[in-house]
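>>> Here is my input; please provide its structure:
(2 chains, ligands or ions: 1)
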Amino acid sequence: MKKDSLLTDTATVNGIEIAYVDRGTGDPVVLLHGFPDSHYLWRHQIDPLVEAGFRVIAPDLRGFGESGKPQEVEAYDMRVVVNDVVALTQHLGISRAHVVGHDWGAAIAWMYAFLMPRRVDHLAVFSVGHPGVFSTPSIEQRKASWYMLFYQFPGVSEQLLRRNGWRLFKEIMGNEGDYQRYPRELARPGALTSALNWYRANRSPEAELRVESNFPPVLAPTLGVWSDGDKALLEEGMTGSAKFVRGSWRYEKVTGASHWIPLDQPEVTTELLLGFLGTETSAAAPARRRRMYGRSA
Amino acid sequence: MSEATDDAPDVVVVGGGIAGASAAAHLAASGLSVALLEKQAEYTDIVRGEWIAPWGLQEAQRLGVDECFGFGGGWEIREWTQWDETVAPGDAETVDMTRFVPGVGGPMAFPHHTVCELMAEQAADAGATVVMGAQRAAVTGGEQPTVTYRLDGVEHELRPRLVIGATGRSCTVGRQVGVSMTNSVHHWGGGLRVAGLDDWPMDVQAMGTEGERMFMVFPQGDGMARLYINFPTENRPRYQGDGGVDRFIADFELSSLPDGGASVYSAATPIGPLKLWPSVAMFPEQSIVTDGVVLVGDEAGNADTVLGTGLSCSLRDTRMVCDVLTGGDDWSPAAFEPYLIERKFRMERLHFGADIVAKLYCEFGPEAMARRRRARELMEENFAASVTGLLNMVAPENVPDFGFSEFFAERLFRERV
Ligand SMILES: Cc1cc2nc3c(=O)[nH]c(=O)nc-3n(C[C@H](O)[C@H](O)[C@H](O)COP(=O)(O)OP(=O)(O)OC[C@H]3O[C@@H](n4cnc5c(N)ncnc54)[C@H](O)[C@@H]3O)c2cc1C
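So this is what the prediction gives:
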C-alpha cells in the first residue's frame, strides 16, 4: 500500500489528522479527490503542475487514505470537510488558491468557492456539478446514480459490499478508476464505513428533499469538466452549473474517459488544468466556450 | 522457546504458493518469526488452479487470508449450468452454488499469482521475511533443521525450529528429506486466462464434456475468465507449438454451449500463457511429517486436478499445521498426528471422488458418452447420485459416507449391479 502514496506530510487541523502532498513553489493549487480515492487520484497531474510552477497541495480527505477516519456520520457533513480544507490551507500559510476537485472533491470545491470566494483564485470541477443542480435530479439522473441511494442503509451496506470477496462492490464499480486498489484501501480498519459516511451525511433522503436554493454565487473563473463515459452523472449536472457562476464559465467535455477523468485521460486533464489555472484573471467576462477533448468525438 | 533471530526463525516456509504463502501469513500474524522462500523473483502466471471451492474459502477465512482472494481479483461464481453433449443447451440444468457453505457463498475464480502475491505481502506486513528469487533451496531435516539458499549469487543459511515444505508438485523439499511419490496420470489438461467475454454471463460457470474435451469456463468478472480443457493424453500436440493457443480457444466452439460457444471462441483474447499439464494424482510413499520438516499442499500429495480441490486442500493443510504450531510448544512429529489422520481421511475421499469424476467427464468416445448419459439420468432422478459433486462445494468430511462406497460407484456407472 505504501507504494501507492505520494504523501509528504501530515497535520492536525480542524480536529483531525490530514495527510497531504505539498510539493513545488508558486501559486498554490489544491487538488481534492472523491470517492473512493485519495490524493493518489491526481498522480498523473502532480508532477506536471509542479514543473509548471505551481505549489501542489493534495490532501487525503477525511475518511480516506492515510487521513483520520471518524466513524460517526455527522463527521462527514460537507461543511465540516470544507473546514478541513480551509484549516489545512491556513496551516500552510495559503490565503488564496486554485481549487480543483473531482467527484465529492468537486462538491467540496463548489462549496468552498461559494462560501469563501476570497480564498479561491480559479475553480476547476470535474464530473460533479454545482449542488444547486444536483439537488433537483431528474428521474434519469436518479437512475444513473442509483448506487448512491444504495448507500443509504447504514449497517447492512458495509457487510453487503464486502461479502464474497467484495462481489457487490465490484459489480458497482466495474473496471473503472483504480478499481483493483479500492477494495484493499477500503478494507483497512474503519475505511469502508467512513467512505460510505460521505454519502450518509450528505445525501440522505431528507437532504434530497430539502430545497436549498439560495446559494451564493461563485465569483471565481470556473472550469467545468464532464466525461461522456460517466455512468453515474449526467452532462446536464455540469452544464446546468453555469447559472451559479458569476465568474467566467468554461465547459469542457472529455471523450474516452469514464467517471475517473484524471486517470483515464491524464494528459487531457493536465492540459486542461495548465491551460486554465492562472490564465483568466477577470471574473467579469464570461466566455462560454465549448470544446471537445480526447479521442474521436 | 528460544529467542528467534534472523538466521534462526521459528519457521522457514519453502515455496510461496497458496499453501506456503497462506502458512507464512497466518504464522506471522500469530506472532511467530517466519521466513518465506519463493523461487520466482516475482509472481507470474505459472498456470495453477484458479477456481476455489466454497469450503476452501472457508479455510481461507479461518486462516485470515480470505481477503487476499477478493483483493487479488477474485470473483464469486454463483451458478453452474451443466452444459454437456448429452443435453441440448437450453435444457441444461443450473445449480445454485451459493448455498452450500453458510457465510461463504459460491466458489471463486481468481488470478492465482496476484492472490499469492497479496498473501506474501500480508505475511511481510505481519513481520515475516519474504525472500523472492530464492534459488536452490536445500533442506536438511532433523532436530535442528537447516535451510540453505542462494539469493543474487550469495549463499544463505537458516536454522529454524521447523521447515514447512510447500514447493508444489515438484516436491523439492520432500525429495530432499526422503519422501518419494507414486504418480498416476489419467489425462492431460490445459489452462489459459482470457479477456473479452462480454457476452458470457459472469455469474455462470460451465463444466462439461463434448468430443474429446472436458471444457471449463470460470468467469473472473469484467469479461475475464479462466478457460480449461481436459483432454486425452495423446491430444497434447493439438495445443502445442505455433497456433496452439488459437486451437485451444477455437476448441470452445461447442454445440453444448448456447450459441455454439461463440461468446467464448469468437471473443476470447489471451491474457496469460497457455500451459499444459498432466492431470496427476500423487501419493507419498513415506510420512509427510519428519523430524523438523512438515510437507503441505501438493508437495504432500494431491488428488487429480480435475476435482478442483487442490487449493482448498492446500489451505486445509496449512490450517491443520498452523493449529499445531500456534497451539503449543510441542512441534515434534508426534504433535502433527491430527494433521496426518485428517489428511489421510481427506485424501482417501478426494482420490475416490476424483476417480469417479475423471471417469465420468474425462473419458471420451461413444462408450464414455453413453456412461455419462446414464449417470446424468440417474442424477436427475435421484439427487443423491450426484453426491460426488458435493466434494467441489463442501469439505470432504461433510459429504455423506455412502458416496465413498464401491457399491455407490458401481451403481452410478451401472457396470455391475
Ligand atoms: C493447470 C492446473 C489447474 C488446476 N486447477 C485447479 C482448480 O481449478 N482448483 C483447485 O482447487 N486446484 C486446482 N489445481 C491444483 C492447485 O493449483 C494446486 O493444488 C495448488 O496450487 C497447490 O498449491 P501449492 O502451494 O502446494 O503448490 P504450487 O501452487 O505449485 O506453489 C508452489 C510454489 O513454490 C515455489 N517453488 C517451487 N519450487 C521451489 C523451490 N525449490 N524453492 C522455493 N520455491 C519453490 C513455486 O514457484 C510456487 O510459487 C490445478 C492445478 C493445475 C496445475
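>>> drop to CA atoms for contacts and neighbour counts, all remaining ones
Noted.
>>> what's the domain layout of chain B?
As recorded under automatic domain parsing, the domains making up chain B are B:11-74+B:108-182+B:280-349, B:78-98+B:185-279, B:364-413.
>>> now the first one, how far from the centre of its chain.
It refers to domain B:11-74+B:108-182+B:280-349. Centroid displacement of domain B:11-74+B:108-182+B:280-349 relative to its chain, using C-alpha atoms, centre = their mean, to the nearest Å, is 12 Å.
>>> if you average pLDDT over that domain, what comes out?
pLDDT averaged over domain B:11-74+B:108-182+B:280-349 equals 96, rounded to a whole number.
>>> just stretch B:216-228 next, same as before
Averaging the model's pLDDT scores along stretch B:216-228 yields 94.
>>> From the rest of the structure, what touches it?
By C-alpha atoms under 8 Å, 6 or more residues apart in numbering or on different chains, the residues outside stretch B:216-228 that reach it are A:174-175, B:50-51, B:73-77, B:108-111, B:189-200, B:202-208, B:215, B:229.
>>> Residue 185: neighbour count?
If you meant another chain, say so; for now it's chain A. 19 (other C-alpha atoms under 10 Å in any protein chain shown).
>>> Switch to chain B, please.
Residues near B:Val185, counting by other C-alpha under 10 Å, number 13.
>>> Would you mind confirming that it makes contact with B:Asn302?
No: applying C-alpha atoms under 8 Å as the test, B:Val185 and B:Asn302 come out as separate, 11.9 Å apart.
>>> Turn the domains of chain B into CSV, including distance to A:Lys253.
Listed next are these as CSV, based on distance: least, C-alpha to C-alpha, whole Å:
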stretch, distance to A:Lys253
domain B:11-74+B:108-182+B:280-349, 32
domain B:78-98+B:185-279, 26
domain B:364-413, 49
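>>> hmm, back to that, so what sits against both of B:Val185 and B:Asn302?
With C-alpha under 8 Å, 6+ apart applied, the overlap between the contact sets of B:Val185 and B:Asn302 consists of B:Ala281.
>>> one step back: so which of the contacts of stretch B:216-228 are also by the ligand?
Restricting the contacts of stretch B:216-228 to those near the ligand by C-alpha under 6 Å from any ligand atom leaves B:50-51, B:191.
>>> Export these to JSON lines and append columns for secondary structure, distance to B:His351 and neighbour count.
Formatted as JSON lines, the entries for those read as follows, by DSSP: H, G, I helix; E, B strand; the rest coil; distance: C-alpha to C-alpha, whole Å; neighbours: other C-alpha atoms under 10 Å in any protein chain shown:
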{"residue": "B:Glu50", "secondary structure": "coil", "distance to B:His351": "20", "neighbour count": "24"}
{"residue": "B:Trp51", "secondary structure": "strand", "distance to B:His351": "18", "neighbour count": "26"}
{"residue": "B:Gly191", "secondary structure": "strand", "distance to B:His351": "22", "neighbour count": "24"}
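>>> Could I get these in JSON lines, plus columns for distance to A:Phe169?
As requested, those are exported to JSON lines (distance: C-alpha to C-alpha, whole Å):
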{"residue": "B:Glu50", "distance to A:Phe169": "21"}
{"residue": "B:Trp51", "distance to A:Phe169": "20"}
{"residue": "B:Gly191", "distance to A:Phe169": "28"}
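>>> of all these, which comes closest to chain A?
Within the set of these, B:Trp51 lies nearest chain A; the separation is 13.4 Å, counting by C-alpha to the nearest C-alpha.
>>> got the phi/psi numbers for the closest residue to that closest one other than its chain neighbours?
Once its chain neighbours are removed from consideration, B:Trp51 has its nearest residue in B:Ala109; the separation is 4.4 Å (C-alpha to C-alpha, 6 or more residues apart in numbering or on different chains). Dihedral angles of B:Ala109 (phi, psi; degrees, to the nearest 10) stand at phi -110, psi 140.
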